[in-house]
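# Have a look at this fold, sequence not included:
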């Protein structure tokens, strides 16, 4: 997969996630307006909680990947330095 395709897929995923989250929150508000406060609150809070959870999970996964790449590059340059000077 090319980088451009990956970026496009990522943007589509963000938009679809936004639309799904917006629809779920709107559904919760509609439930509350039609005198179903418990189900409306559960739907609204559940959708917000899942969106935050996905965001946090993705952020941690990207951070772990960056740290792994940093360790790999650091190890590579230390190895080159050792070969050149020792």
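Okay, I see it. Small disclaimer: the values here were computed from a predicted structure and weren't measured.

# drop to CA atoms for contacts and neighbour counts, all remaining ones
Will do.

# helices or strands up against the longest helix anywhere in the chain?
Secondary structure assigned by DSSP state H gives helix 37-85 as the longest helix of the chain. Judged by 3 or more C-alpha pairs under 8 Å, 6 or more residues apart in numbering; DSSP states H and E, helix 37-85 is in contact with helix 3-33.

# how far is the helix it packs on from where the chain is centred?
12 Å (C-alpha atoms, centre = their mean, to the nearest Å).

# Report the buried residues of the helix or strand bottoming out on mean pLDDT in the chain.
Across the helices and strands of the chain, mean confidence by mean pLDDT, DSSP states H and E is lowest for helix 3-33: a mean of 85. If you call a residue buried by 16 or more other C-alpha atoms under 10 Å, then helix 3-33 has these buried ones: 21, 24-25, 27-29, 31-32.

# before we move on, what about stretch 44-61?
In stretch 44-61, counting by 16+ other C-alpha under 10 Å, buried: 44, 46-47, 51.

# could those residues go into CSV alongside distance to residue 79 and pLDDT?
Shown next, in CSV, are these (distance: C-alpha to C-alpha, whole Å; pLDDT from 0 to 100):
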residue, distance to residue 79, pLDDT
44, 53, 90
46, 49, 91
47, 48, 89
51, 42, 86
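
# Residue 29 is in contact with residue 38, isn't it?
No. Using C-alpha atoms under 8 Å, residue 29 is not in contact with residue 38; the gap is 10.9 Å.

# Mutual contacts of those two, please.
Counting by C-alpha atoms under 8 Å, 6 or more residues apart in numbering, no residue touches both residue 29 and residue 38.

# which one of the buried residues of stretch 44-61 is nearest residue 2?
residue 51 (27.3 Å; C-alpha to C-alpha).

# excluding its backbone neighbours, what's nearest that closest one?
residue 21 (7.0 Å; C-alpha to C-alpha, 6 or more residues apart in numbering).
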